[in-house]
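[1] Give me coordinates for this.
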Amino acid sequence: MESSQDNKLGKKIKSLRQKLELSQDDFARKADVPYTTLTKVETGVIKKPSVFVMAKIAKALDISLDELIKL
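    Here you go, the predicted model:
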């Protein structure tokens, strides 16, 4: 069984994305990551996205990579 601890990162990305009022589709385009990758990260299917993907997500959220990975 999955604990909520497992997907802190995905939940954080989702809440930050929602604060920007961006849909997953719009955000994926803004971050230049595949839509499917973004949804898998948000839902916890991908637990440890690559640093490359994380850097793009952080940039699109207008926060540093450090801020994004600090949970």
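[2] gap between the residue positioned nearest the centre of the chain and Glu21?
    What sits nearest the mean C-alpha location of the chain, by C-alpha atoms, centre = their mean, is Ile13, with 3.8 Å. In this view, Ile13 and Glu21 are 15 Å apart by C-beta to C-beta, to the nearest Å. Every residue, glycine included, has its C-beta placed from N, CA and C.
[3] just Arg29 next, same as before
    14 Å.
[4] So if I had to pick from the two, which one is more boxed in?
    Arg29 (15 against 8; other C-beta atoms under 10 Å).
[5] now whichever helix or strand that one is part of: mean pLDDT?
    If you go by DSSP states H and E, Arg29 is part of helix 24-31. For helix 24-31, mean pLDDT is 98.
[6] Buried ones in it, by neighbour count?
    Phe27, Ala28, Lys30, Ala31 (16 or more other C-beta atoms under 10 Å).
[7] List the contacts of the second one.
    For Ala28, the contacting residues are Pro34, Tyr35, Thr37, Leu38, by C-beta atoms under 8 Å, 6 or more residues apart in numbering.
[8] Which residues are in contact with Ile63?
    Per C-beta under 8 Å, 6+ apart, neighbours of Ile63: Leu16.
[9] Lys11 and Asp62: what is the separation?
    For Lys11, the distance to Asp62 - C-beta to C-beta - is 19 Å.
[10] When these two are compared, which one has more neighbours?
    When neighbours are counted by other C-beta under 10 Å, Lys11 and Asp62 differ, and Lys11 comes out ahead with 15 against 9.
[11] And the more buried one, how close does it get to Gln24?
    Lys11 is 14 Å from Gln24, by C-beta to C-beta.
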